[in-house]
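[1] heads up, no residue letters with this:
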């Protein structure tokens, strides 16, 4: 992702530029105190000049900053209820502090082990099965010579991505119902009808399958773009060296998209704890909580159905912090081993 | 011999890709055919590919249900107005941040990108809306999801790729920053803005979760929330069921399938546009090895 690369580069450039201007300023105020005062004034007058020069840009950015203030930063203030015994009547400020009690309540609840296990397992399924499939798909598309066929097939393959979660979950619910398509096929082949969505042992498979169906084609797009940017000369050189198609894939194609794979993996790991919350919520039934209940759906039920906002906020905060740590860790590891990183 | 081997290899690849396409399309074909078949045929598993006892009864029933029509209208309202707000706020953030000379640019960029990695979470966000007295209001759905940091950065990168000389020469001609934005940068960044706008529109149209939490008034809820009730919880609208006679009680499945088709159609209509900008902008130059 160039976005992040550029971010890094530009910040470096900017730092460099700042250093240069610092040097300029410091060279002008080497000697006396009066000059130092002058420099101070210079700084502010220059700042004022710059701000006046860019006044329209500052006015332009106000709506965006206001949005982030009201809907991203102001909610952070409400996070304090994670450390409070929150009651609707006393409000956020009036509720008494309770330290880490809400976290302790969560970790003492009988569900904590099940929730963490389910969250990790569902994500592990997604990582092991869902992550490689788009890459494989992209590699397959890359081998297709017929442009028209390639384009049509690609267009069809990412269609499911644009269909809403609600409709996809609806398809799954209906197809897997006792009288649904899948059971019709099973029955036609002589098997017994099963109500899959009420059986805990099928949930992870169903959920992973649904996500693979919905997102693989779209996921492949980013790798296809990366594949297109591989220098054709590398292939020519490989052919001269006598590499067949398989060898070319192994030694040119895959190394060529490895940085993209790394970045996508970091992003994926960062989302380890939150991914697919809405679809889990749509697919799960109380009968399958044993395998389908994840941290985020538990937070949702605690807050919306039971009204215990404080514990729910605490669980969510715990979740978010772990997620943040995961992104940083994955980024650091990748930086160390592959020189590819988000920032 | 080598050629023969190569051909087999190609055939296998083509076969796999065709299979993938069938897997992607078949569910929709099945749903479409079922929605156009008689409830009897669907219930007795006679429908596989083509409609059996072709008819439009399910669609007629669906459109008798006021709630779906209201939901449809609401969804268009939220999508059109919401996307407009999205584009305005995203440009408002992206354009100033694309100027390297801007003081405080780094701090503002950090403040915005930070929200990609950490947010307060569902409950504080909800309580914040309540404190701002924004619950059960149409405007909330439009402004509370007004901007996504990812697209701000995407668009910023795109603005930065436009040569600075163009801006400088316009400045010499006496244009101010706003004129430059509207006369030069916005027209040049049109494909990028269209792509970002399409992504926003798709997520607006498809979103259900926050609409479900925020809006309680049935007159305000968008289509996806109604679809969720009907096709996931299989709770077909009351009006459709009230008129149910013996034959109609069988038709729940065809009604659900018809509802799914109705929910997908707007998406399919704008799909060619998505496709067009998708290839043109291909993630707006944000993708590199």
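    The structure has been received and is ready for your questions. These figures come from a predicted structure and were not determined experimentally.
[2] Not counting residues beside it along the chain, what's closest to the residue nearest in space to the middle of chain A?
    By C-alpha atoms, centre = their mean, chain A has its centre lying nearest to residue A:271, at 4.3 Å. Spatial nearest neighbour of residue A:271, chain neighbours left out: residue A:323 (7.3 Å); criterion: C-beta to C-beta, 6 or more residues apart in numbering or on different chains. Where C-beta positions appear, they are placed from N, C-alpha and C, glycine not excepted.
[3] can you check residue A:164 too?
    Residue A:164 sits nearest to residue B:206 (C-beta to C-beta, 6+ apart), 3.5 Å away.
[4] So that neighbour versus residue B:11, what's the distance?
    To residue B:11, residue B:206 is 37 Å away according to C-beta to C-beta, to the nearest Å.
[5] go on, residue B:204?
    For residue B:204, the distance to residue B:11 - C-beta to C-beta - is 42 Å.
[6] So these two - more neighbours on which side?
    residue B:204 (23 against 10; other C-beta atoms under 10 Å in any protein chain shown).
[7] Now that one: which helix or strand?
    Assigned by DSSP states H and E, residue B:204 falls within helix B:190-206.
[8] Now do that helix, average pLDDT.
    For helix B:190-206, the mean pLDDT works out to 89.
[9] who does the helix or strand that that helix is followed by touch, helix- and strand-wise?
    Downstream of helix B:190-206, the first helix or strand assigned by DSSP H and E is helix B:209-214. Other elements packing on helix B:209-214 under the criterion 3 or more C-beta pairs under 8 Å, 6 or more residues apart in numbering or on different chains; DSSP states H and E are helix B:138-143, helix B:223-227.
[10] Can you tell me, leaving aside adjacent residues, what's nearest to the residue nearest the centre of chain B?
    Closest to where the C-alpha atoms of chain B average out (C-alpha atoms, centre = their mean) is residue B:202, at 1.3 Å. Leaving aside its sequence neighbours, residue B:202 sits nearest to residue A:162 (C-beta to C-beta, 6+ apart; 5.6 Å).
[11] Need the pLDDT of that neighbour.
    Model confidence at residue A:162, given as pLDDT, is 89.
[12] do residue A:339 as well
    Residue A:339 carries a pLDDT score of 67 in this model.
[13] How about the one 4 residues further on?
    On the pLDDT scale, residue A:343 is placed at 63.
[14] With residue A:28 instead?
    46.
[15] Neighbours of residue 81, how many?
    Unless you meant another one, I'm taking chain A. 24.
[16] Correction: the question concerned chain B.
    Using other C-beta under 10 Å, residue B:81 has 16 other residues around it.
[17] give me every residue that touches the residue nearest to it when sequence neighbours are not counted.
    For residue B:81, ignoring the flanking residues on the chain, the nearest one in space by C-beta to C-beta, 6+ apart is residue B:142 at 5.4 Å. Going by C-beta atoms under 8 Å, 6 or more residues apart in numbering or on different chains, residue B:142 touches B:78, B:81-82, B:85.
[18] Just those residues: which are in helices?
    B:78, B:81-82, B:85 (DSSP state H).
[19] my read: residue A:76 touches residue B:120, true?
    Yes. If you go by C-beta atoms under 8 Å, residue A:76 and residue B:120 touch, sitting 4.8 Å apart.
[20] more neighbours, the two?
    Higher neighbour count among residue A:76 and residue B:120: residue B:120, with 25 against 15, using other C-beta under 10 Å.
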